[in-house]
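*Asks:* Fold the stuff below for me.
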Amino acid sequence: MSDGAGDDHRREAFQVAYYSDDPDDHSLDVEALAPALLGFGRLVREANASLNGDSAKIKLVVSSDFEHKCFHINFELFQNIFEKAKTLLQDDRVKTAKELLQFIGVIRSAGFATLLDYLKWKKDRPVAKVEKPETPGLLTIQIIGNDNTINISPEVLKLAENRRVLEAIKETLTPVDMNEAKRIEFKDADQPVVSLEKEEIRDIELACDAPDTETVEQQLEHAAPETVVATLYVYSPVYDEKAKRWRFAYGRSKKKQQHIYVDISETSIATDALKRGGAFTNDRYRVRMEVTPPDKPGAEPHHKIVQVIDFTPAPQQGQLALPRPRPKKKTAKKAVKKSARKRPAKKGA
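*Replies:* Numbering: from 1, shown residues only. I've put the predicted structure just below:
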């Protein structure tokens, strides 16, 4: 640990108790205990690295204690938050030793679901949907099946998506896997916080062993709408003021244009068009448009105009004067000589 002047040194304690079938047996096989101790060290180290990066360093120390009916271990977590990190990050983005242990679930939390809670609930079931509820700082995770939603913090999700954190959790469960214990209990100031039975431990291991899928952060990034500035041309004129979607041509060139339906419900496009006498093909709109990716494979993105920047009406053919017909020229009648006229033939000639 650094002893630099101005560095912030913090410490937090928690206890772990392994319960066996024999209440009078206070021993634990070293081959089961050693991976568990190393696992706790790796767990808090990886959690700190995942949430704090190199802004804080931690060190976990242990002193064994034998209590009645269990093998009890006292841990102390020492954290050093560097002064440089405090200056740059104002210390409010650095998760303290206490917060790290709360996110994991080995000491009392502020009522939110912890990493252990989430893994026990999730088992090996894949995540079907991720939403941001109205409550700030929480995510709603939905899976397929009964009891299929849970609210957790982004920090807990980040730990749950860290393969090294999951491997460390499995190591802490080694005494149960090796049948050296049947139950694990975490304590805060000697008061029980959470107790994990063998079946619940198995559920946590199933979640840790589940194959990697797209992370929640990636899902949120893919699902997040993107706002773009676009030029749209009316493709199919609409004369209904109540129509919420218009069809536009969208693209830089005619060869690459696509015809899309766009939500105009939050604009005055329809009202303004009717005031002008209607919408016409190739009316040009320069807009800010929100593009939301499809929520399922094969579906179309959702387009929505959030602001009209500029409008240019399409060129219209005006009223042109029809050309006047040219007057016909009068042709002079030629005089016919009397001699040239045919005289009626005389009778008897």
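*Asks:* for stretch 15-28, what is the average pLDDT?
*Replies:* Here stretch 15-28 scores 82 as its mean pLDDT.
*Asks:* With just CA atoms, put that stretch into PDB.
*Replies:* Presented in PDB, the C-alpha positions along stretch 15-28 are these (Å, rounded to 0.1, in the frame of the first residue of the first chain):
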ATOM      1  CA  GLN A  15     -16.700 -12.300   8.400                       C
ATOM      2  CA  VAL A  16     -17.300 -15.700   6.700                       C
ATOM      3  CA  ALA A  17     -18.400 -18.800   8.500                       C
ATOM      4  CA  TYR A  18     -18.400 -22.300   7.000                       C
ATOM      5  CA  TYR A  19     -20.800 -24.700   8.700                       C
ATOM      6  CA  SER A  20     -20.300 -28.400   8.500                       C
ATOM      7  CA  ASP A  21     -22.600 -31.400   9.400                       C
ATOM      8  CA  ASP A  22     -20.700 -31.900  12.600                       C
ATOM      9  CA  PRO A  23     -21.200 -28.900  15.000                       C
ATOM     10  CA  ASP A  24     -18.200 -30.000  17.100                       C
ATOM     11  CA  ASP A  25     -15.800 -30.100  14.100                       C
ATOM     12  CA  HIS A  26     -13.900 -26.800  13.900                       C
ATOM     13  CA  SER A  27     -11.500 -27.900  11.300                       C
ATOM     14  CA  LEU A  28     -11.400 -27.400   7.500                       C
END
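*Asks:* what comes up buried for it?
*Replies:* By 16 or more other C-beta atoms under 10 Å, the buried positions in stretch 15-28 come out as 15-20, 26, 28. (C-beta placed from N, C-alpha, C; glycine too.)
*Asks:* What about these, which are in strands?
*Replies:* Here DSSP state E is the test, and the buried residues of stretch 15-28 give 15-19 as lying in strands.
*Asks:* Next secondary structure element downstream of the worst-scoring helix or strand of the chain on mean pLDDT?
*Replies:* In the chain, no helix or strand scores lower on mean pLDDT, DSSP states H and E than helix 83-89, which sits at a mean of 46. Downstream of helix 83-89, the next assigned helix or strand under DSSP states H and E is helix 97-104.
*Asks:* Would you mind pulling up the elements that that next one packs against?
*Replies:* strand 8-19, helix 30-52, strand 70-81, helix 115-122, helix 154-160 (3 or more C-beta pairs under 8 Å, 6 or more residues apart in numbering; DSSP states H and E).
*Asks:* Which other helices and strands does whichever helix or strand comes after the last one contact?
*Replies:* Past helix 154-160, further along toward the C-terminus, the next helix or strand under DSSP H and E is helix 163-172. Where contact means 3+ C-beta pairs under 8 Å, 6+ apart, helix 163-172 is packed against helix 30-52, helix 115-122, helix 198-209.
*Asks:* who touches helix 163-172?
*Replies:* The set of residues external to helix 163-172 that reach it, using C-beta atoms under 8 Å, 6 or more residues apart in numbering, is 16, 35-36, 38-40, 42-43, 46-47, 50, 115-116, 119, 159-160, 184, 204-205, 207-209, 212.
*Asks:* For the helices and strands packed on helix 163-172, give me TSV that also has distance to V106 and mean neighbour count.
*Replies:* Converted to TSV, these look like this (distance: least, C-beta to C-beta, whole Å; neighbours: other C-beta atoms under 10 Å):
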stretch	distance to V106	mean neighbour count
helix 30-52	9	19
helix 115-122	8	22
helix 198-209	13	17
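*Asks:* Adding distance to L173, write those out as TSV.
*Replies:* TSV is the format used below for these (distance: least, C-beta to C-beta, whole Å):
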stretch	distance to L173
helix 30-52	7
helix 115-122	10
helix 198-209	5
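*Asks:* what's the closest of those helices to F75?
*Replies:* Across these, F75 has its closest neighbour in helix 30-52 (6.5 Å, C-beta to C-beta).
*Asks:* burial count for D124?
*Replies:* 12 (other C-beta atoms under 10 Å).
*Asks:* where are the low-confidence patches of the stretch 101-250 of the chain?
*Replies:* Under the criterion pLDDT under 70, the flagged ranges of the stretch 101-250 of the chain are 145-147, 212-223.
*Asks:* From the contact counts, what lies against the helix or strand hosting F248?
*Replies:* Secondary structure from DSSP H and E places F248 in strand 245-250. Secondary structure elements in contact with strand 245-250, counted by 3+ C-beta pairs under 8 Å, 6+ apart, are strand 226-236, strand 258-263.
*Asks:* Quick one: closest of those strands to S153.
*Replies:* Checking the helices and strands packed on strand 245-250 against S153 by C-beta to C-beta gives strand 226-236 as the closest, at 25.6 Å.
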